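Engineer: output the structure for:
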Amino acid sequence: MSKHKQHVEKIKNAIKTAPLNEDEKSQSMKRLEEWVMEDKAFGTLKNELLEVSEYFETLFAELGLTK
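Structural biologist: Reported below is the predicted structural model:
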């Protein structure tokens, strides 16, 4: 399991056991899942742009978005 997935699982577990009411837990999980989907979408976009041109590799490096 990647570090990213491990962190997401830790956050999910923390939400489940946090002293929050059910609505707060539900909203927290919903926002976490939305963030995960957006993060995955950005990764897909990044890979596709890298396929288009090497320019994006330089741009992403300048933005601090390299691995």
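Engineer: and the pLDDT at T66?
Structural biologist: Note for T66: predicted pLDDT of 75.
Engineer: quick check: it vs E24, distance?
Structural biologist: 36 Å (CB to CB, to the nearest Å). Where C-beta positions appear, they are placed from N, C-alpha and C, glycine not excepted.
Engineer: show me what the helix ranked longest in the chain is packed against.
Structural biologist: For the chain, the longest helix by residue count, based on DSSP state H, is helix 22-52. In terms of contacts (3 or more CB pairs under 8 Å, 6 or more residues apart in numbering; DSSP states H and E), helix 22-52 is packed against helix 3-17, helix 55-62.
Engineer: and of these, who's closest to S28?
Structural biologist: helix 3-17 (4.7 Å; CB to CB).
Engineer: what packs against the closest one?
Structural biologist: Using 3+ CB pairs under 8 Å, 6+ apart, the elements in contact with helix 3-17 are helix 22-52.
Engineer: now the helix it packs on against helix 3-17, angle please.
Structural biologist: 170 degrees (axes from the mean of the first three to the mean of the last three CA atoms, to 10 degrees).
Engineer: how about the helices and strands packed on helix 22-52, which one is nearest R31?
Structural biologist: Per CB to CB, nearest to R31 of the helices and strands packed on helix 22-52: helix 3-17, 9.7 Å.
Engineer: mind listing what's buried in that closest one?
Structural biologist: 8, 15 (16 or more other CB atoms under 10 Å).
Engineer: could you dump the helices and strands packed on helix 22-52 to a markdown table with mean pLDDT and distance to D39?
Structural biologist: Converted to a markdown table, the helices and strands packed on helix 22-52 look like this (pLDDT from 0 to 100; distance: least, CB to CB, whole Å):
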| stretch | mean pLDDT | distance to D39 |
| --- | --- | --- |
| helix 3-17 | 88 | 8 |
| helix 55-62 | 90 | 15 |
